[in-house]
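Visitor: build me a model:
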Amino acid sequence: EAAAPPHGILPAAAPRGILPVAAPHGILPAVALGTMELKGERLRRVLGFGWAAVDTAPTYKNETDVGSFMEGGAYLIVKVPRSATGGGQGAAAVRAAVTASLRRLNRPFANLLLLHWPDQAARDGALAATWRGLEEAVAAGQAERIGVCNCTAGVLRQLLACCSVRPAVNQVERHPLLPQWDLLEFCASERIALQAHTPLGGGGGGGRQLRSDATVVRVAAEAGITPAQVLLCWNLRHGVAVIPKCSTHPHAAECLAAPSLAARLTPAHMRDLDAISRHGPPMRV
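Guide: Residues are numbered from 1 along each chain as shown. Just a heads-up that it's a prediction; the model follows:
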């Protein structure tokens with residue numbers, strides 16, 4: 001992995017609710033709710049906490065509930081599942097999956113449509129045909145912008161070589177224990193916005209572990225914010241949007257306030273947080 005970049009080279013987020021995305025892609029909300037494992041009444045309650053952007057996927061099995069409970073004007077992120085991309089199914093399977101998702105969500109279009117786990121299509125030699133399905137969704141008015149989720153720089157290079165509509169966003173796991181410097185630099189050079197799912201740390205207790213990291217706790221005390229906000233602001237200061245998961249009102253308020261607090265992290269704080277990956281335990285990818 002590359003070393004942490006000097007601050008100022010990569011685009012940094014100003015303390016505001018919207019991050020600029022390279023033209024001509026428009027804008028991307030700085031914070032969106034990750035809804036994996038949220039369903040039913042629990043999801044309805046969480047969506048009532050004031051989220052202006054929501055991320056869902058067919059594999060979360062909650063699209064009908066998201067469509068029923070989210071505010072009509074909320075920014076919607078939808079995913080094309082891996083099951084629609086394997087075995088050389090091509091553009092038709094992608095379009096069918098998108099149509100089915102929008103029907104369940106009761107929405108005419110997605111603000112952002114992502115190809116979930118594009119590795120299968122790349123291995124099958126079907127990346128161009130699969131991506132064409134997302135491009136057709138844009139042409140048909142089913143998506144405003146398209147992108148990828150959990151995509152490596154290598155697969156992105158393949159995609160950029162064959163696409164007509166460039167990906168606007170790459171959504172990946174990113175936090176101080178998995179900073180993905182090489183991917184961050186590559187996406188910045190290609191003017192692709194990076195969006196971090198699992199920004200508070202990986203599964204298996206990794207999130208709790210990261211929030212209790214000595215550096216994170218110290219920076220939180222010095223900046224006057226919570227450890228979770230430190231982790232969210234760290235990504236925002238790197239110009240990376242975040243998609244935290246949330247189940248309580250206090251945590252929702254904590255997450256939604258992060259864009260207004262990002263400026264509290266000083267360059268020294270950022271350097272210390274950047275260094276966590278060099279002394280922390282390995283995390284899952």
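Visitor: okay, now residue 154: neighbour count?
Guide: 11 (other CB atoms under 10 Å). (Each C-beta comes from the backbone N, C-alpha and C, glycine too.)
Visitor: ok, residue 115 touching residue 132?
Guide: No: using CB atoms under 8 Å, residue 115 is not in contact with residue 132; the gap is 11.2 Å.
Visitor: find the centremost residue of the protein, please.
Guide: residue 195 (3.4 Å; CA atoms, centre = their mean).
Visitor: is it in a bridge, and if so with what?
Guide: Beta bridges link residue 195 to residue 171, residue 241 when assigned by DSSP bridges.
Visitor: distance-wise, check it relative to residue 102.
Guide: Going from residue 195 to residue 102 by CB to CB, to the nearest Å gives 21 Å.
Visitor: with residue 61 instead?
Guide: For residue 61, the distance to residue 102 - CB to CB - is 16 Å.
Visitor: looking at these two, which one has more neighbours?
Guide: residue 102 (21 against 13).
Visitor: give the helix, strand or coil label for the more buried one.
Guide: At residue 102 the chain is in helix, as set by DSSP: H, G, I helix; E, B strand; the rest coil.
Visitor: you'd agree it is up against residue 113?
Guide: No: if you go by CB under 8 Å, residue 102 and residue 113 don't touch, sitting 9.5 Å apart.
Visitor: show me where pLDDT drops low in the chain?
Guide: Low-confidence segments of the chain (pLDDT under 70): 1-27, 203-208, 279-285.
Visitor: where along it do the helices fall?
Guide: For the chain, the helices defined by DSSP state H cover 40-47, 63-69, 91-105, 119-123, 127-139, 153-162, 181-189, 206-211, 214-223, 227-237, 249-256, 258-261, 267-274, 276-279.
Visitor: send over the last one as CSV, restricted to the C-alpha atoms.
Guide: In CSV, the C-alpha atoms belonging to helix 276-279 read as follows (Å, rounded to 0.1, in the frame of the first residue of the first chain):
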residue,chain,number,x,y,z
ILE,A,276,-3.2,3.9,12.8
SER,A,277,-3.0,1.4,10.0
ARG,A,278,0.7,1.0,10.6
HIS,A,279,0.3,-0.1,14.2
